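Engineer: here is a sequence together with a model predicted from it:
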Amino acid sequence: MTRFAILGLFGISSACQTMPGTGGGRGIDAAWDRGTGASPGGEQSGHVDVGMGEHLYVALDQPSRRAKQKRVRVWATHYSVHSAREASRREGRALRNTKNRSLGVRLSRKDWCRAAMQGTVQITRRSGEVETYQFVKTGDYEQVDCRRIFPRHPAIGRSRFRKVNKSRLKGARGAQLIPYRSVAVDRRRFPSGTLLYVPAAKGTAIKLSSGKTWIHDGYFFAADRGGGLRGGHIDVYLGTARKNPFRFVKSRQEAAVVAYVVTDKKLVDDMARLHGVLKDAEDTRLARRALRKRRRPAPQRRS
């Protein structure tokens, strides 16, 4: 698929920047070369194991005709979290932060480059602990030569990372990324927070980490962005799953399907709340009150 780029939604906080001159985002903006590795259709063999709770997988009502305000065509690829094992000090390449300091973990060249391409990697340390790292931005100089693996993306070797809580993977403007729900989009076509209804996805059976099966309702939320996404190209986030369960995700533009931009406020708000970008009214009221207090000038004492 492609790489993440986690930037932000609704102005909360950006977590990453897109690599210049590439074909995608690392969503976590998603895909560089979003069109690789998709396996159309089939049963879902992977599990949702990125800290997602079952409460995020509720079935929403089918949108009414009035709610489906705009009919569009979309074609889809998918992206996921790369899994890797820690490499030895002698053979591995260090993940570095934005100050070019080592984060204390090394990967083989192949895993390093794939982690940079996907934007997020879960690393099994030699101690057995599992840690998650995410792309933040491109550095000033190349650390690893990834041109053999990704010849079209020379800038990928300048990737810089940060360590994150695996249950806090963020997309555009701080949106929580939810496997099978979140999509990266071209924000010129679908602004952040857009709710899409894809009839071709409705009814897809997805096995959760609890062993339960969730039947997809067809809704996807624009929670991420992709520098390489153009027009109706969307990139579906699969978490750590290896296989794509959606038959409409075929990684080919000619395989575009009908979708609808949903404008029903309740449906949009419900999905935004699941992605952590819409607080309850009381939380919003209290936050605004606190902000006003901070902005209020302190009373001056009389001399």
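Structural biologist: Done, it's in. Numbers count the residues shown, from 1 in each chain.

Engineer: how many residues are close by Thr98?
Structural biologist: Around Thr98 there are 12 other residues, counting by other C-beta atoms under 10 Å. Any C-beta I mention is one placed from the backbone N, CA and C, and that applies to glycine too.

Engineer: am I right that it falls within a strand?
Structural biologist: No - Thr98 is assigned coil when assessed by DSSP: H, G, I helix; E, B strand; the rest coil, not a strand.

Engineer: my read: it touches Ser159, true?
Structural biologist: No - the pair Thr98 / Ser159 is not scored as a contact, 10.6 Å apart, by C-beta atoms under 8 Å.

Engineer: what residues are shared contacts of these two?
Structural biologist: Gly139 (C-beta atoms under 8 Å, 6 or more residues apart in numbering).

Engineer: now Ala205, nearest residue through space, not along the chain?
Structural biologist: What sits nearest to Ala205 in space, not counting adjacent residues and going by C-beta to C-beta, 6 or more residues apart in numbering, is Thr213, at 5.3 Å.

Engineer: burial count for that neighbour?
Structural biologist: When counting by other C-beta under 10 Å, one arrives at 10 neighbours for Thr213.

Engineer: and the pLDDT for it?
Structural biologist: Here, the pLDDT recorded for Thr213 equals 90.

Engineer: may I have stretch 216-226 as PDB, with CA atoms only?
Structural biologist: Extracted in PDB, the C-alpha atoms of stretch 216-226 (Å, rounded to 0.1, in the frame of the first residue of the first chain):
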ATOM      1  CA  HIS A 216     -19.500  -3.500   8.200                       C
ATOM      2  CA  ASP A 217     -22.200  -0.800   7.600                       C
ATOM      3  CA  GLY A 218     -20.500   0.900   4.700                       C
ATOM      4  CA  TYR A 219     -19.300   4.100   6.500                       C
ATOM      5  CA  PHE A 220     -15.800   5.500   6.300                       C
ATOM      6  CA  PHE A 221     -14.400   8.600   7.900                       C
ATOM      7  CA  ALA A 222     -11.900  10.900   6.300                       C
ATOM      8  CA  ALA A 223      -9.500  10.800   9.300                       C
ATOM      9  CA  ASP A 224      -6.200  11.100   7.400                       C
ATOM     10  CA  ARG A 225      -4.700  12.600   4.300                       C
ATOM     11  CA  GLY A 226      -2.400  11.400   1.600                       C
END
